[in-house]
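Undergrad: this one's sequence-less:
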């Protein structure tokens, strides 16, 4: 999240109105619900995990044991089991 100086972004009147409530602090302005992105969408990490999980499931179907997958992906056997059986 990037911080922006309100004085450089908002009309002076709006900055003065905000200063009635908060001065010298940080305020979070949430995104409109319809425009809000899901976790990991901006960074691409969500898609990366989806692809990793697909590789895990495919490897398991090809005979790789859960223990080997846990070692290979640095995950617990419990996490591997969740990935395999969620599909």
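TA: It's in. This one's a predicted model, so the numbers in the text were calculated from it and none came from an experiment.

Undergrad: helix or strand for the residue of the chain positioned farthest from its centre, which one?
TA: The centre of the chain is farthest from one residue, residue 13, which by C-alpha atoms, centre = their mean lies 35.2 Å away. Assigned by DSSP states H and E, residue 13 belongs to helix 12-19.

Undergrad: who touches that helix?
TA: 6-7, 10, 27 (C-beta atoms under 8 Å, 6 or more residues apart in numbering). C-beta: built from backbone N, CA, C; applies to glycine.

Undergrad: Please repeat the previous calculation with a cut-off of 10 Å.
TA: With C-beta atoms under 10 Å, 6 or more residues apart in numbering as the test, helix 12-19 has contacts from 5-11, 27.

Undergrad: Pull the contacting residues for residue 75.
TA: Here residue 75 is in contact with 52, 56, 66, 69, 81-83 (C-beta under 10 Å, 6+ apart).
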